[in-house]
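A.B. asks: sequence plus predicted model, see below.
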Amino acid sequence: MKGNGFDIVILGAGHAGVEAALACARMGFSTLCLALNLDAVALMACNPSVGGTSKGHLVREIDALGGEMGLAADDAYIQVRMLNTGKGPAVQSLRAQIDKRLYHERMKRALEGQENLLLLQGECARIETQNGRVRGIRLSGGLNSAGESIPCRAVVVATGVYMKSRVLIGDRAWESGPAGLMRAEELSLSLRDLGFNLRRFKTGTPARVSGRSLDYASMELQPGDEPQPHFSFLTGDLTREQTPCYLTYTNGATHDVIRANLHRSAMYSGLIRATGTRYCPSIEDKITRFADKERHQIFIEPEGLSTDEKYVQGMSTSLPADVQREMLRTIPGLENCRVTRYGYAIEYDCIDPLSLDAALRARGIEGLYFAGQINGSSGYEEAAAQGLYAGINAALALRGEPPLILSRADAYIGVLCDDLTGKGTNEPYRMMTSRAEYRLLLRQDNADERLTGLARRTGLVSHARYARLMRKREEIARAKAALNASVAPGEALAKLLESRGEAVPRSGARLGDLLRRRGVAYTDLLALYPQALPALSPEAREAVELDARYAGYIEKEKALLARFRALEDTPLPPSLDYSGMDGLRIEARQKLAAAKPESLGRASRIPGVSPADVAVLMIYLKKQAAEDGREGN
């Protein structure tokens, strides 16, 4: 746009805002990224890490779609570990400890160096619309000229936990954003005026302590993995020196201190009325909800290489400062700890995500998108995934192209966005592997195979990156074809199988069948049959081994997936009148009319819509198709 206008404005520069801004600018649109404080770009206000169970999947998917988080994490990590290695591949996830300052600087440089993108410090007071379309934003006073309007054609709201936020410690509460930053004062009213239903959610963070005051000999060392894994499919081998973490535990004395002071916790005194996250409870919640547990894990994690501060993972709290000191000093290794920052709870405004469609676009307002904790989610990775998704779809809409819709069968991002916009959430939503029905097909190792091809039309996937994916696919195909050849088990193979505790086949066996055995790796077979099998890259080798070992389960999931696709590919017209549809229960009529699901599959996942209701919809659609066919004749 000309003058002081932009094609797209991103409100917020946290993990969602960064991904949205980079996506829009890289897709060729003039983009403004508006942040309350440019010193808080991609701020890790809570834990100094990226990834973790299911979250590592999201980061790999962000990378496969052309996002930035995986690359930035690989640049800023100080320790990496693969979680759940003792379990199946569907739930294995990468997690990295991050240098928080380095990560912020890395992301800020990415924004500042991006063509078509401007960073601006300021606060949005209003989103301006006309005839159901976004027309611009109006800035508040203070940081910029009062009342200044900035024209634009689309807005992505990615305000995190800043809207009308309030910080609470013990019996004290004050208006503030996280980490002592200013909050967003005026946008909540603008969203209400636009018809959004706002709710109050709550999250929290633990204390930080001085590393020099800790006794590491009393704790368990937690080293990083070797060889070092990485998030981005574009990252080469990592050989950086890793910084250790440490594991310790709460005990009876810790729990006694907390129980004796529960009435002083902001959460338990009634000072907080917002809804907190179920799956990341405060230490007060832990000892109350799990009263039978004698101890809870506490991880001591570095905040970065340029600071002595340590993050006390597992002790999120809103207890008063004196109680925080007392309870921390009951923990082995922390007996003499000095607190550098106290833990706190923070509550904030967010919208009901049921007011969004599957592309994270506001229903009834063209050009308005939402991403991140404003949608009721929690976590950096969930926010970044939504930011990339909303940014891509905002840009595609301005191109006049259909949105990129990822289903539950395509990606964890699809599960995340489908849950939020289809089911809604009454508490801060956290991604988990158990939420993904097809998780064996949605492994973190195959995110590029699943998504990079789909992202080509966005322009975020370079020709070089796509060529890399094609090479990987060719490697996998060649290896699978070679593995299907039958061979006689020679003496060397028999010795290998016996050494791994595997039975030796009596007659010829396909190498692919042998690879299904847990004790046999592709490298083992390659060493025995170098003429029959091709050498593979580590990524291709991992894919071949996993596909072989879990072939039976994968086939079952693919059969379930076919039935899912049939429902998901059956569209429901937005003009459908559910109120007059015979056979639907009253609750189903109300829920369907409010949600306006785009497909039969989306309708089937709405709480309150039963399988019988879905059957009624299927019958109705078949009758309509038959009538339309007769009219066409």
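C.D. replies: Received it, and whenever you're ready, just let me know what you need. From a predicted model like this one, the values you see are computed outputs, not experimental measurements.
A.B. asks: isn't residue 202 right next to residue 272, touching?
C.D. replies: Yes. Counting by CB atoms under 8 Å, residue 202 touches residue 272, with 5.8 Å between them. From N, CA and C alone the C-beta is placed, and that goes for glycine too.
A.B. asks: neighbour-wise, which of these two wins?
C.D. replies: Under the criterion of other CB atoms under 10 Å, the comparison of residue 202 against residue 272 puts residue 202 first, with 24 against 21.
A.B. asks: which SS class is the more buried one?
C.D. replies: For residue 202, the secondary structure call by DSSP: H, G, I helix; E, B strand; the rest coil comes out as strand.
A.B. asks: hey, what's residue 348 bridged with?
C.D. replies: Note on residue 348: beta-bridge partners by DSSP bridges are residue 201.
A.B. asks: show me what contacts it?
C.D. replies: Contact analysis of residue 348 by CB atoms under 8 Å, 6 or more residues apart in numbering lists 160-166, 183, 200-202, 274, 373.
A.B. asks: and for residue 367?
C.D. replies: Residue 367 touches 133, 134, 153, 154, 155, 394, 397, counting by CB under 8 Å, 6+ apart.
A.B. asks: the residues you listed: which two are farthest apart?
C.D. replies: Distances among the contacts of residue 367 were taken as CB to CB; the most separated pair is 133 and 394, at 12.9 Å.
A.B. asks: re the thing from before, now do the shared contacts for residue 202 and residue 272.
C.D. replies: The contact lists of residue 202 and residue 272 share 345, 347, where a contact means CB under 8 Å, 6+ apart.
A.B. asks: wasn't residue 398 part of a helix?
C.D. replies: Yes. Applying three-state DSSP, one finds residue 398 inside a helix.
A.B. asks: what's the burial count for it?
C.D. replies: 17.
A.B. asks: pretty sure it contacts residue 154?
C.D. replies: Yes. At 6.1 Å, residue 398 and residue 154 qualify as touching, with contact defined as CB under 8 Å.
A.B. asks: between these two, what contacts are shared?
C.D. replies: The contact sets of residue 398 and residue 154 overlap at 7, 8 (CB under 8 Å, 6+ apart).
A.B. asks: so can I have a markdown table of the contacts of residue 348 showing secondary structure, distance to residue 249 and pLDDT?
C.D. replies: Listed next are these as a markdown table, based on DSSP: H, G, I helix; E, B strand; the rest coil; distance: CB to CB, whole Å; pLDDT from 0 to 100:
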| residue | secondary structure | distance to residue 249 | pLDDT |
| --- | --- | --- | --- |
| 160 | coil | 32 | 97 |
| 161 | coil | 29 | 97 |
| 162 | coil | 35 | 97 |
| 163 | strand | 37 | 98 |
| 164 | coil | 37 | 97 |
| 165 | coil | 32 | 97 |
| 166 | strand | 32 | 97 |
| 183 | coil | 36 | 97 |
| 200 | strand | 33 | 97 |
| 201 | strand | 29 | 96 |
| 202 | strand | 26 | 95 |
| 274 | coil | 30 | 83 |
| 373 | helix | 30 | 98 |
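A.B. asks: residue ranges with poor pLDDT in the protein?
C.D. replies: 1-3, 142-146, 488, 508, 629-633 (pLDDT under 70).
A.B. asks: show me what contacts the residue positioned nearest the centre of it?
C.D. replies: Nearest to the centroid of the C-alpha atoms of the chain, with distances taken as CA atoms, centre = their mean, sits residue 382, at 2.6 Å. Contacts for residue 382 (CB under 8 Å, 6+ apart) come out as 55, 58, 372, 416, 429, 430, 431.
A.B. asks: helix, strand or coil: sort out the last one for me.
C.D. replies: State at residue 431, reduced to three classes by three-state DSSP: coil.
A.B. asks: the nearest residue to it once chain neighbours are set aside and residue 328, how far apart?
C.D. replies: Beyond its immediate neighbours in the sequence, the residue positioned closest to residue 431 (CB to CB, 6 or more residues apart in numbering) is residue 54, lying 4.7 Å away. Distance from residue 54 to residue 328, counting by CB to CB, to the nearest Å: 29 Å.
A.B. asks: how far away is residue 328 from residue 338?
C.D. replies: Distance from residue 328 to residue 338, by CB to CB: 10 Å.
A.B. asks: repeat for residue 182
C.D. replies: Per CB to CB, residue 182 is found 28 Å from residue 338.
A.B. asks: repeat for residue 471
C.D. replies: 53 Å.
A.B. asks: and what of residue 451?
C.D. replies: 46 Å.
A.B. asks: for residue 8, which residues are in contact?
C.D. replies: 24, 29-32, 152-156, 391, 394-395, 398.
A.B. asks: just want the phi and psi numbers for it.
C.D. replies: phi -140, psi 140 (degrees, to the nearest 10).
A.B. asks: give me the beta-bridge partners of it?
C.D. replies: Per DSSP bridges, the residues bridged to residue 8 are residue 31, residue 154.
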